[in-house]
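Participant: Starting from these lines, generate the structure:
(one chain, ligands or ions: 1)
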Amino acid sequence: MAKRSRQSTDRSATIHDQKLVRGNGGELHQIAGGDTEVLTTAQGGPVADDQNTLKVGQRGPTLIEDFHFREKIFHFDHERIPERVVHARGYGAHGFFETYESLAAYTRADIFQRAGERTPVFVRFSTVAGSKGSFDLARDVRGFAVKFYTKEGNWDLVGNNIPVFFIQDAIKFPDVIHSVKPEPDRAFPQAQSAHDNFWDFISLTPESMHMVMWVMSDRAIPRSFRFMQGFGVHTFRLVNAKNESTFVKFIWKPKLGMQSVVWNEAVKINGADPDFHRRDLWNAISSGDFPEWELNLQLFDQDFADSFDFDVLDPTKLIPEEVLPPVPVGRLVLDRMPDNFFAETEQVAFMTQNVPPGIDFSNDPLLQGRNFSYLDTQLKRLGSPNFTHIPINAPKCPFHHFQQDGHMAMRNPVGRVNYQPNSWGDGPRESPVKGFPTFANPEEGQKVRLRPESFADHYSQARQFFISQTATEQRHIVMALTFELSKCENPVIRERMIAHLLNIDETLGSAVADKLGITKLPKPADAAVPPRDDLLPSPALSIIENGPESFAGRKVGVLVSPGADAALLKRLQSAIEKEGAVMEVVAPKVGGVEAADGSWIEAKHMIDGGPSVLFDAVGLILSEEGAERLAGEAAARDFVADAFAHCKFIGFSDGALPLLERAGVDPKVDEGFIGLDSPKSVAKFIESCRRLRLWSREMAVQL
Ligand code: HEM
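Facilitator: Numbers count the residues shown, from 1 in each chain. Alright, predicted model coming up:
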């Protein structure tokens, strides 16, 4: 029996700033009126009530006749599409590519013909191993995929932030990916290479050693997509109008310079803000701070390829920049976020096979395999061969073909003609002049399943990478390997890896063995060819050696307390903004604090929500009383202690001393602490921040 109503008969309800209508059961309705659009079904039928299903009586069963309910739930039930089999978690943005000078001497590709030519692009950054909902700061390779909407069709440069790869032949791709993904029986670990299966595979695949050095380096924990390099990895070809071919490697260099975080920081960021990289890109682009990269080419001919130390078709090798300097040929600017994540970032379909006339493939066996895989996987993921009809995937140049029908066909040929040749009209027809001319490279040989002997050196470039790193970066590699291998339950896998590391660099192998508690070093792994020790260090491979010398694009978190010096905060803010960086205020309460002069300081974060791992440098503008109070709070002590441990520059007002003391840090310990009490000292703080981190502190902290 229905209960008696205790409701008032007044049907209007005010909730703070919102005026709504209350329904029979107390639920709230927002009603269309004035210019507000009327809610409809997908068929366009206007909806009267979106809060209640159609029932028999107030408390009776729901009727199947309720087409609005059924359509709404049916559509919801089918919202998900399969996530990418790799690179599932990603974030994209729109922008443009601008060509600096004509490259007609090398390529007939229209995009490179005219200085100043702008081509629209869509870029998607990603991690590889984790699923769509995993966290941003996994230790992992980052995808850097660029779709150029050229006047001759789409060109997809589907690269990574690492210039080499784990394997030399595409037939091994399912194996390397299976090994790094969660183990099939237990379905963990998520978004991590630190487990037996991955290291088991790697330790039995010596060709992966060069890539492993990169993945264990700071390159695999970037501070921002904006501060990463990108690489096409493979050798490609450029082909000019005279049909002459030049080999090319593609390299993206960020204008803001490279920067990574440290591992302890990455672990904490993943908890504090799992969306750290996407939020960073969103904030930068939304605030008009458009990230920019230069496209660089390493161009070479067959003679160079023949004389180079390694096979240019081997994707586990790079050409050092000191050996073949990259030439900047254009810039990529990202200046617009997608209107809808699913429509654009999720549905974008990159394919290495998408190349315009003037860009061609080499015989790299990884690239050749990728050219099949991407088309195949898009059909699975997007569900129809018509995925090119989705606006983000459609070319922006005119296009005409006779492909038709299929699921969700949005564009079908109009009229009678859907074949070719035909005698009904003018086209479309093939064009030997404008069409894609595959470079006629002479090829001959027996059909064989054979790895070229020229691919057999597995260690020399791994060693070159290691010796090109600063002492700090080498230490990070040792720590990363130690951490990852410590997660292997099977000790044999650890020892097998040490056997490889000894071939790369003896100090590296013994340092990791020591940290793992392996007392007896294994024999170095048998090498297919003896590792070389005559390759010179390549300074271009170090992040720290190639710092930006600017703090632009970075972020300072300033912790304030009641009674803080508002004038000092303002001075600091204007200096930070002048540098092209951003300041965010952290306070005990998100509502903000009252400053010493009675003004109100707005805050962006409360302390737990804005830990110092989210910032590149920190400021402490505290009254003495405020600092004393904060000294009793673990989150405030961590704010300071973490910033110190992560080698960040710390600017502080005199009042902050009680907090520094209770956090266990002595501001006299190194030059990373800068008192902020004069305008000059604010300038000194900014100047210090340009170094990004005080790496010399790291040995003292021993994180
Ligand atoms: C140099 C080696 C490689 C690089 C740089 C690379 C890069 C990428 C990137 C950046 C993506 C994400 C694209 C996006 O954002 O949508 C991706 C996805 C993918 N890659 Fe690779 N990859 C490599 C090797 C391979 C190989 C050898 C295969 C298979 C033979 C492969 C198969 C795939 C597949 C199936 C996807 C998912 C595509 C999708 O669903 O949209 N990749 N790869």
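Participant: Check the stretch 451-600 of the chain for the residue nearest the ligand and tell me.
Facilitator: F455 (14.5 Å; CB to the nearest ligand atom). (C-beta placed from N, C-alpha, C; glycine too.)
Participant: which residues in the stretch 551-700 of the chain form helices?
Facilitator: Assigned by DSSP state H, counting those that start in this stretch, the stretch 551-700 of the chain shows helices spanning 566-578, 624-630, 634-645, 657-662, 679-689, 696-701.
Participant: Can you name the residues that contact G675?
Facilitator: When contacts are counted by CB atoms under 8 Å, 6 or more residues apart in numbering, G675 touches G651, F652, S653, D654, P667, S681.
Participant: Of these, select the buried ones using a ChimeraX command.
Facilitator: Buried subset of those, written as a ChimeraX selection, criterion 16 or more other CB atoms under 10 Å:
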select :651,652,653,667,681
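Participant: Pick the one among the contacts of G675 closest to T316.
Facilitator: Distances from T316 to those, taken as CB to CB, are shortest for G651 (44.4 Å).
Participant: name the element the closest residue to F225 other than its chain neighbours belongs to?
Facilitator: Of all residues not flanking F225 in the chain, F125 sits nearest, at 4.3 Å (CB to CB, 6 or more residues apart in numbering). Using DSSP states H and E, F125 maps to strand 118-127.
Participant: same deal with D335?
Facilitator: strand 327-336.
Participant: ok, I390 - how many residues close by?
Facilitator: For I390, the count of nearby residues is 17 (other CB atoms under 10 Å).
Participant: which residues touch the closest residue to it other than its chain neighbours?
Facilitator: Once flanking residues are discounted, I390 sits nearest to Q347: 5.1 Å by CB to CB, 6+ apart. Taking CB under 8 Å, 6+ apart, we find Q347 in contact with L382, F387, I390, I392, N393.
Participant: Report the two of the residues you listed separated the most.
Facilitator: Farthest pair in the contacts of Q347, by CB to CB: L382 and I392, 10.7 Å.
Participant: Can you get me the start-to-end distance on stretch 427-441?
Facilitator: One end of stretch 427-441 sits 31 Å from the other (CA to CA, to the nearest Å).
Participant: Going by neighbour count, which residues in stretch 370-380 are buried?
Facilitator: R370, N371, S373, Y374, L375, T377, Q378.
Participant: whoops, stretch 544-562 was the one
Facilitator: Buried, per 16+ other CB under 10 Å, within stretch 544-562: 544, 548, 550-551, 553-562.
Participant: repeat for stretch 535-545
Facilitator: Those would be L535, P537, S538, A540, L541, S542, I543, I544, for stretch 535-545 by 16+ other CB under 10 Å.
Participant: restrict those to those near the ligand?
Facilitator: Among the buried residues of stretch 535-545, no residue lies close to the ligand (CB under 6 Å from any ligand atom).
Participant: Specify the local secondary structure of whichever residue of the chain sits closest to the ligand.
Facilitator: Across the chain, the shortest distance to the ligand (CB to the nearest ligand atom) belongs to G143, at 2.7 Å. Secondary structure assignment for G143 (DSSP: H, G, I helix; E, B strand; the rest coil): strand.
Participant: Let me know the angle separating the strand holding D335 from strand 118-127.
Facilitator: Relative orientation of strand 327-336 and strand 118-127, computed by axes from the mean of the first three to the mean of the last three CA atoms, to 10 degrees: 80 degrees.
Participant: Following element in sequence after strand 327-336, please.
Facilitator: That would be, after strand 327-336 and using DSSP H and E, helix 341.
Participant: Is it correct that L238 falls within a helix?
Facilitator: No: using three-state DSSP, the assignment for L238 is strand, not a helix.
Participant: one step back: right, and the residue nearest to F225 touches D280 too?
Facilitator: No: in this structure F125 lies outside contact range of D280 using CB atoms under 8 Å: 10.5 Å.
Participant: one step back: pairing partners for the strand holding F125, with directions?
Facilitator: Sheet pairing for strand 118-127, assigned by DSSP bridges, gives strand 90-99 (antiparallel), strand 142-150 (antiparallel).
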